[in-house]
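Undergrad: sequence unavailable; structure follows:
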């Protein structure tokens with residue numbers, strides 16, 4: 001019994017990308033025609049499933065979830081408190097400058113680099129003898 005020949009990707013004609021088989025001309029997309037005009041969906045399938053499950057309860061489930069989240073936050077559960085605050089006020093903006101006068105991250109890195117350079121010079125100076133150190137001063 002003869003083995004069937006397997007077509008390898010390297011033997012595909014350039015530009016076909018479909019295992020060497022180009023689709024029929026009449027079914028190809030025309031220039032300027034978009035196969036998905038509305039783009040990628042903004043929600044995921046799990047979101048649709050959760051919304052459908054919540055809709056079965058006529059909004060009562062959402063209210064119960066909200067009440068539970070508030071109770072847990074009031075009980076000291078930081079995760080629920082953070083989630084509620086983020087839902088109400090939006091995400092916390094990233095701070096680039098500290099209002100108290102503390103250096104920003106970039107300033108901190110520059111000062112750290114300067115301190116490392118100064119420490120390197122100090123350590124290299126320790127390798128000199130006492131007489132050498134007096135000559136360089």
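TA: Sure, I can see it. These numbers come from a predicted model, not from an experiment.
Undergrad: please make it C-alpha for all contacts and neighbour counts, starting now.
TA: Noted.
Undergrad: where along this protein do the helices fall?
TA: Chain-ordered helices for the chain, with DSSP state H as the definition, fall at 45-55, 60-74, 78-89, 105-126, 130-136.
Undergrad: low-scoring stretches of the chain, by residue?
TA: For the chain, the stretches flagged by pLDDT under 70 are 1-20, 41, 43, 92-99, 101-103, 127-137.
Undergrad: coming back round to it: can I get the helices of the chain in CSV with mean neighbour count and distance to residue 35?
TA: As requested, the helices of the chain are arranged in CSV below (neighbours: other Cα atoms under 10 Å; distance: least, Cα to Cα, whole Å):
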stretch, mean neighbour count, distance to residue 35
helix 45-55, 11, 21
helix 60-74, 14, 37
helix 78-89, 13, 35
helix 105-126, 12, 46
helix 130-136, 9, 75
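Undergrad: save these as CSV, and put in distance to residue 37 too.
TA: Rendered in CSV, the data for those read as follows (distance: least, Cα to Cα, whole Å):
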stretch, distance to residue 37
helix 45-55, 19
helix 60-74, 33
helix 78-89, 31
helix 105-126, 43
helix 130-136, 74
